[in-house]
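[1] Generate coordinates for the sequence data below:
(one chain, ligands or ions: 4)
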Amino acid sequence: MKEADLHIHTTYSDGTCSAEEVVKIAKEKGLSAIAITDHDITDGICLAIKIGAKIGIEVISGVELSCEFNSSEIHILGYYINWENKWFQKKLQVFQKARERRAYYILNKLRELGYSIDEHMLMAKASLGAISRLHFARCLKETGEVGSIKEAFDSLLGVGRPAFVRKLRITPEEALNMIHRVGGVSVIAHPVFGGSHKNFLKKLKRLGLSGIEAYHPSHTLKNIKRYIKYAGDLGLTVTGGTDSHGVKEEENPIGSMRIDYRLIEDLKRANSFNERKNRVILSTNKELRPQGGYKSV
Ligand code: AMP
Ligand code: MN
Ligand code: MN
Ligand code: MN
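    Ligands and ions are numbered 1, 2, ... in the order given. Now for the predicted structure:
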């Protein structure tokens with residue numbers, strides 16, 4: 001049976017494996033297809049696709065965007081995105097810059113709290129692109145100031161903890177529009193962490209959401225069954241992935257959870273359906289055209 005992993009981070013965001021390593025590991029683990037889904041950055045996709053073509057792994061272009069609804073953070077995955085689109089890249093650069101500014105706020109907060117975060121160590125870990133709280137957690141662990149990554153989030157970096165700083169806020173609608181405007185198909189990531197109410201999912205579906213990431217390492221069997229049922233009820237496709245951030249057990253290694261390749265066929269069908277629909281919308285609605293003049297958030 002062909003299997004896939006549709007949620008993987010690289011060193012371009014907060015993963016610890018390079019794009020090249022990710023594809024090679026996926027091959028070693030016997031996967032047929034993967035998606036590169038870094039936070040707010042797409043720089044790993046091109047190389048991953050090239051290496052994938054060479055060694056026989058299908059690599060799907062992806063991204064993971066964070067948005068906010070009723071003060072809770074929701075993550076939206078975009079697949080089959082035309083990542084090279086200039087407008088899209090400009091938007092992502094705004095998010096990356098905002099992450100950088102936020103990192104300085106977090107750094108100051110940690111220093112005020114007496115933690116000796118080394119800026120060089122931090123930048124070395126996050127030099128390629130989108131900096132995240134996980135980079136801070138890794139620094140704190142490395143210097144022994146916390147015992148584990150979990151402890152770093154529970155005591156300092158998690159929501160409401162003393163070194164917590166919000167990310168740039170965008171709405172779910174904005175995230176979905178971004179993905180759809182570059183020909184992508186949108187999927188709500190790990191709904192157990194936010195956005196799992198059926199009415200909310202219904203609202204997202206009306207805004208063009210195509211799928212639910214039912215298979216995720218943080219989902220219990222009960223969660224998985226519930227999200228599959230929601231998908232059936234709402235006409236959404238089901239996807240899944242490891243949300244891999246590296247090779248260690250706590251980083252959800254690639255290959256530690258697999259989905260049936262047939263789910264990718266559903267996603268492709270959803271995408272070609274959207275493409276047909278969007279072609280009509282784009283040709284009639286000037287405002288929705290991706291190129292030119294769009295103000296950054
Ligand atoms: P950010 O995008 O900067 O808000 O950072 C969030 C990232 O940190 C997520 O993408 C996860 O990779 C990681 N993360 C968030 N919460 C935890 C947690 N409790 N334990 C471990 N990693 C976490
Ligand atoms: Mn992450
Ligand atoms: Mn996420
Ligand atoms: Mn993720």
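
[2] Can you point out the buried residues in the host helix or strand of Val94?
    According to DSSP states H and E, Val94 maps onto helix 86-112. For helix 86-112, the neighbour count (16 or more other Cβ atoms under 10 Å) marks 87-89, 91-92, 94-96, 98-99, 102-103, 106-107, 109-110 as buried. (Each C-beta comes from the backbone N, C-alpha and C, glycine too.)

[3] mind checking the SS state of Thr242?
    At Thr242 the chain is in coil, as set by DSSP: H, G, I helix; E, B strand; the rest coil.

[4] typo on my end, it should be Glu64
    Following three-state DSSP, we place Glu64 in the strand state.

[5] What sits closest to it if chain neighbours are left out?
    Counting by Cβ to Cβ, 6 or more residues apart in numbering, Glu64 lies nearest to Thr37, which is 4.7 Å off, once chain neighbours are set aside.

[6] Within range of ligand 1, give me the residues from the stretch 51-200 of the chain.
    Neighbours of ligand 1 within the stretch 51-200 of the chain, by Cβ under 6 Å from any ligand atom: Ser132, Arg133, Leu134, Ile149, Lys150, Phe153, Gly158, Lys167.

[7] hmm, 5 Å instead?
    Counting by Cβ under 5 Å from any ligand atom, the stretch 51-200 of the chain comes close to ligand 1 at Ser132, Arg133, Leu134, Ile149, Phe153.

[8] Asp5: what's it in contact with?
    Taking Cβ atoms under 8 Å, 6 or more residues apart in numbering, we find Asp5 in contact with 26, 31, 33-35, 241-242, 244, 254-255, 257-259.

[9] Mind checking which of the residues you listed land in strands?
    Counted as lying in strands by DSSP state E, out of the contacts of Asp5, are Ala33, Ile34, Ala35, Ile259.

[10] burial count for the third one?
    Right, Ala35. Residues lying near Ala35 (other Cβ atoms under 10 Å) number 27.

[11] beta partners of it?
    Ile60 (DSSP bridges).

[12] on that earlier part again, any residues touching the helix or strand just after the helix holding Val94, and which ones?
    Once helix 86-112 ends, the next helix or strand along the chain (criterion: DSSP H and E) is helix 119-125. Helix 119-125 is touched from outside by Ala103, Leu107, Ile131, His135, Phe136, Arg138, Cys139, Glu142, Thr143, with contacts defined as Cβ under 8 Å, 6+ apart.
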